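Engineer: sequence first, then the predicted structure, then my questions.
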Amino acid sequence: LLSKSEMSIDPNTKSNYEDFVTTSADIDWFVDFDRKTILGSVLYSVRVLKSDCQKLILDCEHIKCQEVLLNDVVVESTASNDMLIIPVGDRKIDDVFKVKIKYETTEKCEALQWLTPEQTSGGKFPYLYSQCQPIYARTIVPSQDTPSVKFTYKSHVTNSLNLQVLMSALPLEKENDCFHFSQPVPIPAYLLAIVVGNITSVDIGPRVKVWSEAENVSLAAKDFCETENMLKEAEKLVGEYKWGRYDFLVLPPSFPYGGMENPNITFVSPSLLTGDKSGASVIAHELAHSWTGNLVTNCSWEHFWLNEGFTVFLERKIVQALETPQVAALEAIVGLNCLEDSIKAFSDKKPELTALIPNLKGIHPDDAFSSVPYEKGSNLLVYLQNLLGGHDAFMSFLRNYIERFAGKSIDTGTWKSYLYQFFSDKKDVLDSVDWESWFYSPGSSCVVDNKFDDSLLQVVNTVVDKWLSLNEIDVDAIKNDDTIKSFKPLTTLQKVKFFDTLYNEADKSALTLQHVEAMYLLYELSQPCSAEIRFRWCRIGIHFNHEPTIAMALDFISTMGRMKFTLPIYRKLVENPNTRQRAISQFQNLRHTYHAILVTQFEKDLDAV
């Protein structure tokens, strides 16, 4: 357990952010595609928080520091493997001074992925993008790389090929070959982002533009055409959108996440492009981060649920408004499946990391990454909503909470205190909550049975039950069965739940390889489908050693960088003696095409197996 004093301390930074705080940054970068490096400088304004502190310590990894200036005077700094120490002399509380660092990134920079032209859709130009969450900003710029510190920034970027540049900030007028940006809303270092590539854009709303390589931009504009309406619904729920524009970028396939909520330019995976808008809930999620996560931020990665649990909760409110309450409820039910998958994955290695507030001292935040903060966190909020008077009462709290803590980074104790303050007339109700279990117990035993509308689930269960009841499989005999045929009209989300249920029943039911072969034929699962469905079918096929699906799975993950899909499939293949060597060989051949974050996690998974 974390004590009250430990709760707000970030164990994943070496910076002395309790002594000094960065308030603004001015970034000057040159992106060199030939050398695969960023050269330039950062100029910080730093405010003193405590007297008698004569050294500013910044997180700094895999960076070549060339020169450090304190108020325009060169000083002797000390660089180690993970920090940069800068002497600043005697300073009084609230003094402000300037620190300029000239440096360049190295080939070990984990925040950047440099893509060859062959790894892009266009095939003509290289491509660069960043991923700084959770603690990789320190490899792209020396910084106080903790969500506890927020700063505004301006930037000025040129590149060796004069390709389009975007950053997590508002674009200003381009001057000659230099792209200029301004981010007037303070952000933590993990929200610093850059992309450089041969990309174009389409306006899909007065505040929304979609960026992509030209080959994908039309499909992206079609699939995400409801984004402006999502933005309006979010504003009705939690107040004014503070960031000006909400643009987003469809990245190449190696991007390791479904989405990343970089302000003003959300990054999304091309796996969301389905043609049926079924990936739009990810946009709702990333958009919701504009309030929960980007405005009100967890002070450390131990309190990641304050970002993600709240965002899932708000995402489903947006989906409920734009779709139906039944669709949002089914998303919550599917989310509970994801929670159980995460708990099972951690059960044999580090079950303590399935607590809502894990102790991350000595643990990289990526090693604790799972659906736990998302789904256990959102279920806690649904539980509290039901206890405290329903939707209207709880949304009133959420709006006030965001207004109260906008621009701040907080811990769970601060949130809980404000909850008690807001619902002061319901103290007895709040005292009845088993807070210690919710916050610190591993697994899902604390997760109450929140009642979600299961009307969209009933037809799914009917089809599942039909398949599980079949002892003998005769494809010709069952292909015209009305229940068997009722699978095809299901929505993508319903099909996701169908395959989740079958996968969870794989070892407990009469499901056999014959069932799998029949489904593969009758449901034409060799044909293109959404990545969410493909992923779930691949898990089932691998489990039953269905060779056509195994080949499909290997092909699927050969070009899929999204870790949600790629890592579990590789894990499943490696655990299967029949496919282990094929999976390892493929990974070794393709590792240079995957993001460094995925490579690191796969190697840890392989060691565990």
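Structural biologist: It's in.

Engineer: burial of the closest residue to Asp276 other than its chain neighbours, as a residue count?
Structural biologist: Closest residue in space to Asp276, ignoring its immediate chain neighbours: Thr492 at 6.4 Å, by Cβ to Cβ, 6 or more residues apart in numbering. C-beta: built from backbone N, CA, C; applies to glycine. Around Thr492 sit 16 other residues, with neighbours defined as other Cβ atoms under 10 Å.

Engineer: so for the helix or strand Arg571 falls within, what gets flagged as buried?
Structural biologist: Arg571 is located in helix 563-575, with elements delineated by DSSP states H and E. Buried residues in helix 563-575, counted by 16 or more other Cβ atoms under 10 Å: 563-574.

Engineer: alpha carbons only: can I get that helix in CSV?
Structural biologist: Written as CSV, here are the backbone C-alpha positions of helix 563-575 (Å, rounded to 0.1, in the frame of the first residue of the first chain):
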residue,chain,number,x,y,z
MET,A,563,0.2,-4.0,-29.3
LYS,A,564,-3.4,-4.8,-28.3
PHE,A,565,-3.5,-7.3,-31.1
THR,A,566,0.1,-8.2,-31.9
LEU,A,567,1.4,-9.1,-28.5
PRO,A,568,-1.4,-11.5,-27.4
ILE,A,569,-1.2,-13.3,-30.8
TYR,A,570,2.5,-13.7,-30.6
ARG,A,571,2.1,-14.8,-27.0
LYS,A,572,-0.5,-17.4,-28.0
LEU,A,573,1.7,-18.6,-30.9
VAL,A,574,4.8,-18.9,-28.7
GLU,A,575,2.9,-20.8,-26.0
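
Engineer: elements contacting that helix?
Structural biologist: Applying 3 or more Cβ pairs under 8 Å, 6 or more residues apart in numbering; DSSP states H and E, we find helix 563-575 packed against helix 325-347, helix 531-543, helix 547-559, helix 580-590, helix 596-608.

Engineer: let's see that with 7 Å instead.
Structural biologist: helix 531-543, helix 547-559, helix 580-590, helix 596-608 (3 or more Cβ pairs under 7 Å, 6 or more residues apart in numbering; DSSP states H and E).

Engineer: winner for burial among the ones you listed?
Structural biologist: For those, average neighbour numbers computed from mean count of other Cβ atoms under 10 Å are highest in helix 531-543, which has a mean of 23.

Engineer: which residues sit against that helix?
Structural biologist: For helix 531-543, contacts defined as Cβ atoms under 7 Å, 6 or more residues apart in numbering pick out 271, 492, 495-496, 499-500, 502-503, 506, 516, 525, 549-550, 552-553, 556, 560, 565, 568-569, 572-573, 576, 579.

Engineer: ok, Phe452 - how many residues close by?
Structural biologist: 20.

Engineer: out of the helices and strands packed on helix 563-575, which gets the lowest mean score?
Structural biologist: Ranked by mean pLDDT, those end with helix 596-608 in last place, scoring a mean of 89.

Engineer: for the stretch 401-550 of the chain, just list every one of the helices.
Structural biologist: Assigned by DSSP state H, counting those that start in this stretch, the stretch 401-550 of the chain shows helices spanning 412-422, 427-431, 435-440, 455-469, 475-478, 482-485, 492-505, 513-522, 531-543, 547-559.

Engineer: need the contact list for the residue nearest to Asp276.
Structural biologist: Thr492 neighbours (Cβ under 7 Å, 6+ apart): 276, 278, 530, 532-533.

Engineer: recalculate using a threshold of 10 Å.
Structural biologist: For Thr492, the contact set (Cβ atoms under 10 Å, 6 or more residues apart in numbering) comprises 274, 276-279, 529-530, 532-533.

Engineer: for the residues you listed, give me JSON lines that also has distance to Cys225.
Structural biologist: Putting the contacts of Thr492 into JSON lines (distance: Cβ to Cβ, whole Å) gives the following:
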{"residue": "Thr274", "distance to Cys225": "13"}
{"residue": "Asp276", "distance to Cys225": "12"}
{"residue": "Lys277", "distance to Cys225": "8"}
{"residue": "Ser278", "distance to Cys225": "14"}
{"residue": "Gly279", "distance to Cys225": "12"}
{"residue": "Cys529", "distance to Cys225": "21"}
{"residue": "Ser530", "distance to Cys225": "18"}
{"residue": "Glu532", "distance to Cys225": "20"}
{"residue": "Ile533", "distance to Cys225": "22"}
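
Engineer: run a quick neighbour tally on Lys508.
Structural biologist: 8.

Engineer: swap that for Cys529, sorry
Structural biologist: With neighbours defined by other Cβ under 10 Å, the count for Cys529 comes to 16.

Engineer: residues touching it, list them.
Structural biologist: With Cβ under 10 Å, 6+ apart, Cys529 has these contacts: 274, 276, 492, 495, 523, 537.

Engineer: and it, how far is that from Ile101?
Structural biologist: For Cys529, the distance to Ile101 (Cβ to Cβ, to the nearest Å) stands at 49 Å.

Engineer: if we can go back for a sec, out of the contacts of Thr492, flag the one nearest to Glu173.
Structural biologist: Of all the contacts of Thr492, Gly279 has the smallest distance to Glu173: 33.4 Å, by Cβ to Cβ.

Engineer: mind checking how far the closest one is from Glu603?
Structural biologist: Using Cβ to Cβ, Gly279 is found at 29 Å from Glu603.

Engineer: ok, and the closest non-adjacent residue to Pro568?
Structural biologist: Per Cβ to Cβ, 6+ apart, closest to Pro568 is Arg539, 6.8 Å.

Engineer: are we agreed that Phe310 is in a helix?
Structural biologist: Yes. Checked against DSSP: H, G, I helix; E, B strand; the rest coil, Phe310 lies within a helix.

Engineer: measure it to Thr266 for me?
Structural biologist: Where Thr266 is concerned, Phe310 sits at a distance of 17 Å (Cβ to Cβ).

Engineer: any idea which residue of the chain is furthest from its center?
Structural biologist: Ranking residues of the chain by C-alpha distance from their mean position (Cα atoms, centre = their mean) puts Ala477 at the top, at 45.1 Å.

Engineer: can you pull the contacts of that residue?
Structural biologist: With Cβ under 10 Å, 6+ apart, Ala477 has these contacts: Leu470.

Engineer: rewinding a little: what would the contacts of Cys529 look like in TSV with distance to Val42?
Structural biologist: Listed next are these as TSV, based on distance: Cβ to Cβ, whole Å:
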residue	distance to Val42
Thr274	40
Asp276	43
Thr492	44
Lys495	48
Tyr523	54
Trp537	47
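
Engineer: which one of those is nearest to Leu590?
Structural biologist: Among the contacts of Cys529, and counting by Cβ to Cβ, the member closest to Leu590 is Trp537, at 21.4 Å.

Engineer: do you know how far the closest one is from Met552?
Structural biologist: 8 Å.

Engineer: next, show the common contact partners of these two.
Structural biologist: Contacts common to Trp537 and Met552, judged by Cβ under 10 Å, 6+ apart, are 520, 525-526, 546.

Engineer: and the residues you listed, which is closest to Phe224?
Structural biologist: Leu525 (26.4 Å).

Engineer: state the distance from the residue nearest to that closest one when sequence neighbours are not counted to Asp607.
Structural biologist: Leaving aside its chain neighbours, Leu525 sits nearest to Trp537 (5.4 Å; criterion: Cβ to Cβ, 6+ apart). As for Trp537, its distance to Asp607 is 28 Å (criterion: Cβ to Cβ).
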